[in-house]
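Okay, predicted coordinates and the sequence, questions at the end:
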Amino acid sequence: MAADLACYNIADLRLRAQRRLPHGVWEYLERGVEDEAAMARNRAAFDAVTFRPRVLRGVHAIDTRTTIFGRESPLPLALAPTGAAGLLWHEGDLALARAAAEAGLPFTISSASTIDVEQIAAAGGRQWFQLYLWEDRALSHAVLERAWQSGCEALFVTLDMSVPPNREYIHRNGFGTPFRLNARNTLDVLTHPRWLAGVMGRYALSGGIPSQANLPDRLRASVTKGAHPGALFKLDNLDWEEMRALRDRWPGKLVLKGILHPADAEEAVRLGADGIVVSNHGGRALDSAIAPLAALPDIRSAVSDRLTLFLDSGIRRGSDVVKALAQGADAVLVGRAPLYGLSAAGQPGVTRALSLLAEELRRTMALLGTRSLAEIDLELIG
Ligand code: FNR
């Protein structure tokens, strides 16, 4: 299936995804917030970087392996947490987790997944868990315990969504939560029969559209019904003190996601975090946020090598991975790239997205004269 997908880069998968999904679902996957300036800035930051390649280095054996949290990884790349993957493909979270496991890459389970943590963990491979906190914190603590028991190695706490972001398009498209058919979205859904049958139809056969799968049964809402009191995410009262308590509670690796200021990065070190993700949430939170690639050098000098530095937001090519590593990242996360593959063709589409990125990374390294990730540094940028 993946082999006959005539998609030769992430942009091809993106086009396929756009054709297959109803407009409202597509915009949920693709769009940023407000004027989408952060999204544009994320790409512009990568596009502005050029290389000064070295030659005659004997690049017949390229080694892309690295170590993340003390364990070997075939690539400096992991799948970012992305909620509602189940709207893009039937049981999309499982397809993502399986493709990641097959590629040997870590997969981050989202708090907002439509399949519960135990089922996703059963897909195997190396898994991390991303946390948004519910208003009733006891619910979150119970889910953390389940994530740990299921074998999740790291906890990623997302910090850049303290209030709901300004997604004006949701109102325009009539694709809000709870999801209901209405005058604005019915035609959209009906004119995408493959999605309607392949995603919604299959859920309808198995008892309805799942949502908030990580909550206990009694509190679980469906996408069509809306949430119970206490079972909504509440992040505006989160502070460093609560983060210290989480550090004490979570026995595994702790990563703070959504850091852009060097002072916060230093605070993360003091807290005892094992990593941070330099991220603006793919341009989906604060529209005037700095591009993570631009924020990276100052953050790297602030933390030195005291924690693992991930970067995400805007990665669409293997060369982007090299640009992030050259400027100080240890590894990157990808959000939309695998989701384009998922929406285009399910699990084989995700596999295709990951292997395209891996191939491009290897080719870029060879053309730069870098044989291993350790040889990627600032000297290559010019
Ligand atoms: C996200 N992201 C996200 N982050 C998070 O911490 N929890 C979540 O549930 C989600 N959900 C989510 C859904 C969708 C559809 C997208 C596109 C993104 C953000 C994600 O983890 C990551 O930070 C960005 O996607 C990275 O940018 P790129 O790779 O999409 O450009």
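All right, it came through fine.

three-state assignment of the residue lying closest to L293 once chain neighbours are set aside?
Closest residue in space to L293, ignoring its immediate chain neighbours: A45 at 4.0 Å, by Cβ to Cβ, 6 or more residues apart in numbering. C-beta here means a position set from N, CA and C on the backbone, and glycine is covered the same way. Judged by DSSP: H, G, I helix; E, B strand; the rest coil, the three-state class of A45 is helix.

surely A45 meets A294?
Yes - using Cβ atoms under 8 Å, A45 is in contact with A294, at 5.2 Å.

Of the two, which one has the most company?
A45 (22 against 16; other Cβ atoms under 10 Å).

Quickly find the element holding D188.
helix 186-190 (DSSP states H and E).

which strands and helices sit next to that helix?
Secondary-structure packing of helix 186-190 (3 or more Cβ pairs under 8 Å, 6 or more residues apart in numbering; DSSP states H and E): helix 23-30.

before we move on, back to that, how far off centre is the helix holding D188?
Relative to the centre of its chain, helix 186-190 is centred 28 Å away, using Cα atoms, centre = their mean, to the nearest Å.

and the next element down the chain from that helix?
On the C-terminal side of helix 186-190, the nearest following helix or strand under DSSP H and E is helix 193-195.

mind listing what's buried in that following helix?
Going by neighbour count (16 or more other Cβ atoms under 10 Å), the buried part of helix 193-195 is W195.

Could you do stretch 142-153 as well?
By neighbour count with 16+ other Cβ under 10 Å, stretch 142-153 contains the buried residues V143, L144, R146, A147, W148, S150, G151, C152, E153.

okay, these in a markdown table with secondary structure and distance to D264 next?
Below are the buried residues of stretch 142-153 laid out as a markdown table (DSSP: H, G, I helix; E, B strand; the rest coil; distance: Cβ to Cβ, whole Å):
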| residue | secondary structure | distance to D264 |
| --- | --- | --- |
| V143 | helix | 25 |
| L144 | helix | 22 |
| R146 | helix | 29 |
| A147 | helix | 24 |
| W148 | helix | 25 |
| S150 | coil | 29 |
| G151 | coil | 29 |
| C152 | coil | 24 |
| E153 | coil | 23 |
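
Of the residues you listed, just say which sits nearest to R202.
Taking Cβ to Cβ as the measure, R202 lies nearest S150 of these, at 24.6 Å.

Quick check: residues of this structure near the ligand?
Applying Cβ under 6 Å from any ligand atom, one finds that the chain approaches the ligand through 29, 80-83, 110, 112, 130, 158, 257, 279, 281-282, 284, 312-315, 334-337, 339.

Once you drop chain neighbours, what's closest to the residue in the stretch 201-350 of the chain positioned nearest to the ligand?
When scored by Cβ to the nearest ligand atom, the stretch 201-350 of the chain has G335 as its residue closest to the ligand, at 2.0 Å. Among residues not flanking G335 along the chain, A80 sits closest, at 4.0 Å (Cβ to Cβ, 6+ apart).

Touching, that neighbour and T108? I think so.
Yes - at 5.9 Å, A80 and T108 qualify as touching, with contact defined as Cβ under 8 Å.

Dead centre of the protein: give me the residue that sits there.
By Cα atoms, centre = their mean, the chain has its centre lying nearest to A80, at 2.2 Å.

Just the ones in strands from the residues of the chain next to the ligand, please.
Among the residues of the chain next to the ligand, the members falling in strands (DSSP state E) are Q130, T158, K257, V334.

Need the max-distance pair from those.
Using Cβ to Cβ, these reach their maximum pairwise distance at T158 and V334, which is 15.8 Å.

buried stuff in stretch 202-211?
Within stretch 202-211, judged by 16+ other Cβ under 10 Å, the buried ones are Y203, I209, P210, S211.

For the protein, which helix or strand comes out least confident on mean pLDDT?
Lowest on mean pLDDT, DSSP states H and E among the helices and strands of the chain sits helix 168-173, with a mean of 87.

what sits up against that helix?
Applying Cβ atoms under 8 Å, 6 or more residues apart in numbering, the external contacts of helix 168-173 come out as H23, G24, E27, Y28, R31, V33, E34, G176, R184, N185, D188.

tally of neighbours for the third one?
Residues near E27, counting by other Cβ under 10 Å, number 17.

Can you verify my assumption that it contacts F175?
Yes - here E27 reaches F175: they are 7.5 Å apart, a contact under Cβ under 8 Å.

what's around R31, how many residues?
Neighbour count for R31, taken as other Cβ under 10 Å: 17.

gap between the spatially closest residue to I290 that is not a sequence neighbour and E36?
Sequence neighbours aside, L260 is the residue nearest to I290 in space, at 5.7 Å (criterion: Cβ to Cβ, 6+ apart). From L260 over to E36 the distance is 18 Å, taken as Cβ to Cβ, to the nearest Å.

Looking at the two, which one has more neighbours?
Ranked by neighbour count (other Cβ under 10 Å), L260 and E36 place L260 first, with 23 against 15.

quick one: pLDDT of the more buried one?
Looking at L260, its pLDDT is 99.

got a list of what it touches?
Residues near L260 by Cβ under 8 Å, 6+ apart: D160, V278, S279, N280, A289, I290, P292, A295, I299.

can you do 7 Å?
Going by Cβ atoms under 7 Å, 6 or more residues apart in numbering, L260 touches V278, N280, A289, I290, P292, A295.
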